[in-house]
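Participant: I would like to see how this sequence folds:
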Amino acid sequence: MFDDALNIGDKILKNCSKKGMDSVEIYFAYSNQKQVLLNGISIGTQRAKEELGVGIRIIHEGSEGFSYTNIITPDALQKAADEAFVVAKLSPKIEGLGFAEKQNIKSLEGIYNEKLANLDVDAIITDGLDFIKGFTSVDSRIKTTLSSITLSTSGVAIQNSNGVNVNRKNVNYQADLIAIASDKEKAGAFTFETIFSRKHDANFTEVGERLGQRAIDGLNQELLKEFEGPVIFRSDAMMNPVGLVLALTVSADWRQRGTSFWKDRLADKVADERLQLVDKPFDISGGGGVKSFDAEGNPTKDIEIIKDGVLQTFLHNQQTANKEKLEPTGNATRTLGGGTSFTQKPALMLPNSPWILAGDMTEDEMIADTKKGLIVHNYTGTVRYQNGLFSGVAKGAYLIEDGEITVPVTGISISGNVFDLVNNISGIGKEYHLANGYLTTPMMKFNGIKVSTK
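Facilitator: The predicted structure is shown next:
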């Protein structure tokens, strides 16, 4: 995939050296997407997009320049490098700048499945029809909207003047599915589910049936009076707000800027001792962040971020590590979603493939242990990532009374502070779920959430 491009890259590195540029990094990003959109009870638009682009960073006399192009020719890449050089010469000096050093990269099998990569659009359409078949078999009042099934093949290659020369290919199959029920008198709540796989192995009919039943439940929601009690978060609710807040808070860049809520809490107890947050970039049962090197070419590694409630480390890229005279942790990222964007520099530090480790309670035990509370599928609302405050609507919420799920409820707002929640854990599930193709997490039950109604 990258052979011709990499040959060009070698030439550009040599030319840049001859032109007096101190250090050069060339980042190739390839993306090939086949996507089918679903609307109502039918297949909607079909899309296909393929792109190969290059982002070039230049470090010169302590300053940095960046430019990019999607024209893969020697002249275009050299032009981009020259533009980045001009920017670097005109920019102020930045502390800690540097590129990855050449290191051994651990091989990683299973992230590229050629059979899946060659899947045709007809197979994707069939999956979409099976999903529709599933929810329409539950009730004719159910429809889908804004649903999509996407086959993504991507690739990354990084070369720099320190001798780094690495590349990888990934392929995954992700469906973001929505169902909603409505009749002449009322409409229910949207129900969501995400499928992520490195194989073509999901049963879309079963997913449709499951979402369809939740959509009908949403049509029969009851209003609820305000109360105080625990809230159980299913996996999607764990992703947002809990997972995203924790992922951003452990960024070394946020710590160095003074915006991390835990900036002075390294080696301190920051959460309930049952909370374990780890980065597992080599476990292919995880999400899309499984990888052997990060967005700068530094090797990834297993990292205990929070162990027994104690903050073990912050996540570093090359620059933040250089500023503290540490080794980078292999967590440089170019986009919030961890995608392969060639138009951005690696300015973010996030867990590659975060896991919140499972506890010892089944879902039934967690529900049975609840006198009165809620179980929530999704959260939609505002999140202030710097201080952990969140306030919004609980989607797919069910009332729990005397240890049993009783009725679906509507008009529910929840609010609280993520940093308080992780210190008020009253239960951790024993089964893993993948949220949004990124966070691997069990269900969790929290105290300290304010539940209010319209």
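
Participant: Pick out the least confidently modelled helix or strand of this protein, by mean pLDDT.
Facilitator: Least confident helix or strand, the chain: strand 222-223 with a mean of 80, by mean pLDDT, DSSP states H and E.

Participant: and after that one, which helix or strand comes next?
Facilitator: Later in the chain than strand 222-223, the nearest helix or strand by DSSP states H and E is strand 231-233.

Participant: So what are the sheet partners of that next one and their directions?
Facilitator: Within its sheet, strand 231-233 is paired with strand 372-383 (parallel), strand 444-446 (antiparallel), according to DSSP bridges.

Participant: Of those, which shows the lowest average pLDDT?
Facilitator: Among those, strand 372-383 has the lowest mean pLDDT, at a mean of 93.

Participant: and that one, which residues are buried?
Facilitator: Using 16 or more other CB atoms under 10 Å as the test for burial, strand 372-383 gives 373-379, 383. Backbone N, C-alpha and C define where each C-beta goes, glycine included.

Participant: Adding distance to Gly9, write those out as a markdown table.
Facilitator: Below are the buried residues of strand 372-383 laid out as a markdown table (distance: CB to CB, whole Å):
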| residue | distance to Gly9 |
| --- | --- |
| Gly373 | 56 |
| Leu374 | 53 |
| Ile375 | 51 |
| Val376 | 48 |
| His377 | 46 |
| Asn378 | 43 |
| Tyr379 | 43 |
| Val383 | 39 |
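
Participant: coming back round to it: tell me which residues are up against the least confident helix or strand of the chain.
Facilitator: Residues outside strand 222-223 that contact it (CB atoms under 8 Å, 6 or more residues apart in numbering): 399, 407-411, 453-454.

Participant: ChimeraX command for the buried members of those?
Facilitator: Applying 16+ other CB under 10 Å to the contacts of strand 222-223, the buried members can be selected in ChimeraX as follows:
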select :399,408,409,410
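
Participant: pLDDT-wise, what's the bottom of the contacts of strand 222-223?
Facilitator: Within the set of those, pLDDT is lowest for Lys454 (65).

Participant: for Gln33, phi and psi?
Facilitator: With angles defined as degrees, to the nearest 10, Gln33 sits at phi -120, psi 130.

Participant: can you check the one 5 residues further on too?
Facilitator: For Leu38, the backbone dihedrals are phi -120, psi 140 (criterion: degrees, to the nearest 10).

Participant: Give the full set of residues in contact with it.
Facilitator: Contact partners of Leu38, counting by CB under 8 Å, 6+ apart, are 44, 128, 131-132, 144, 147-149, 177.

Participant: Distance to Glu209, neighbour count and secondary structure for those residues - can I get that in JSON lines?
Facilitator: Below are the contacts of Leu38 laid out as JSON lines (distance: CB to CB, whole Å; neighbours: other CB atoms under 10 Å; DSSP: H, G, I helix; E, B strand; the rest coil):
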{"residue": "Gly44", "distance to Glu209": "21", "neighbour count": "16", "secondary structure": "strand"}
{"residue": "Gly128", "distance to Glu209": "15", "neighbour count": "25", "secondary structure": "helix"}
{"residue": "Phe131", "distance to Glu209": "9", "neighbour count": "29", "secondary structure": "helix"}
{"residue": "Ile132", "distance to Glu209": "11", "neighbour count": "24", "secondary structure": "helix"}
{"residue": "Thr144", "distance to Glu209": "13", "neighbour count": "27", "secondary structure": "strand"}
{"residue": "Ser147", "distance to Glu209": "15", "neighbour count": "22", "secondary structure": "strand"}
{"residue": "Ser148", "distance to Glu209": "19", "neighbour count": "18", "secondary structure": "strand"}
{"residue": "Ile149", "distance to Glu209": "17", "neighbour count": "25", "secondary structure": "strand"}
{"residue": "Leu177", "distance to Glu209": "12", "neighbour count": "24", "secondary structure": "strand"}
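
Participant: picking that back up, tell me the strands beside the least confident helix or strand of the chain, with direction?
Facilitator: strand 404-410 (parallel).

Participant: got a list of contacts for the strand it pairs with?
Facilitator: 189, 217-218, 220-224, 367-368, 374-375, 396-400.

Participant: Let's see that with 7 Å instead.
Facilitator: Strand 404-410 has contacts (CB atoms under 7 Å, 6 or more residues apart in numbering) with 189, 217-218, 220-224, 367, 375, 397-400.

Participant: next one: stretch 269-282
Facilitator: Counting by CB under 7 Å, 6+ apart, 108, 246, 262, 286, 289-291, 300, 302-311, 351-357, 359, 422-423, 425, 428 sit against stretch 269-282.

Participant: Check stretch 443-450 too.
Facilitator: 230-235, 238, 363, 366, 414-416, 420-421, 424-429.

Participant: Out of those, name the ones that lie in helices.
Facilitator: 235, 363, 366, 420-421 (DSSP state H).

Participant: just the buried residues of strand 372-383 now: which is nearest Ala252?
Facilitator: The nearest member of those to Ala252, counting by CB to CB, is Val383 at 21.0 Å.

Participant: Okay, and the beta partners of the closest one?
Facilitator: Assessed by DSSP bridges, Val383 has beta-bridge partners Phe390.

Participant: Identify the residues contacting it.
Facilitator: By CB under 7 Å, 6+ apart, the contact set of Val383 is 240-241, 244-245, 390.

Participant: Where does the prediction get shaky in the stretch 301-450 of the chain?
Facilitator: Residue ranges of the stretch 301-450 of the chain with pLDDT under 70: 337-339.

Participant: And the stretch 51-200 of the chain, by the same measure?
Facilitator: Applying pLDDT under 70 to the stretch 51-200 of the chain flags no residue at all.

Participant: And the strands in it, which stretches?
Facilitator: Taking DSSP state E, counting those that start in this stretch to define them, one finds strands in the stretch 51-200 of the chain at 63-69, 142-160, 165-181, 191-197.

Participant: Relative to Gly20, which of those is closest?
Facilitator: strand 63-69 (13.4 Å).

Participant: now that closest one: how far from the chain's centre is it?
Facilitator: Here strand 63-69 is found 26 Å from its chain centre; the criterion is CA atoms, centre = their mean, to the nearest Å.

Participant: do the same with stretch 252-267
Facilitator: Relative to its chain's centre, stretch 252-267 lies at 21 Å (CA atoms, centre = their mean).

Participant: Between the two ends of that stretch, how far is it?
Facilitator: End-to-end distance for stretch 252-267, by CA to CA, to the nearest Å: 14 Å.

Participant: which parts of it are buried?
Facilitator: Those would be 252-256, 260-262, 265, for stretch 252-267 by 16+ other CB under 10 Å.

Participant: Then stretch 124-144?
Facilitator: Under 16+ other CB under 10 Å, the buried positions of stretch 124-144 are 124, 127-132, 134-136, 138, 141-144.

Participant: again, but for stretch 106-113
Facilitator: Buried-residue list, stretch 106-113, by 16+ other CB under 10 Å: 108, 111-113.
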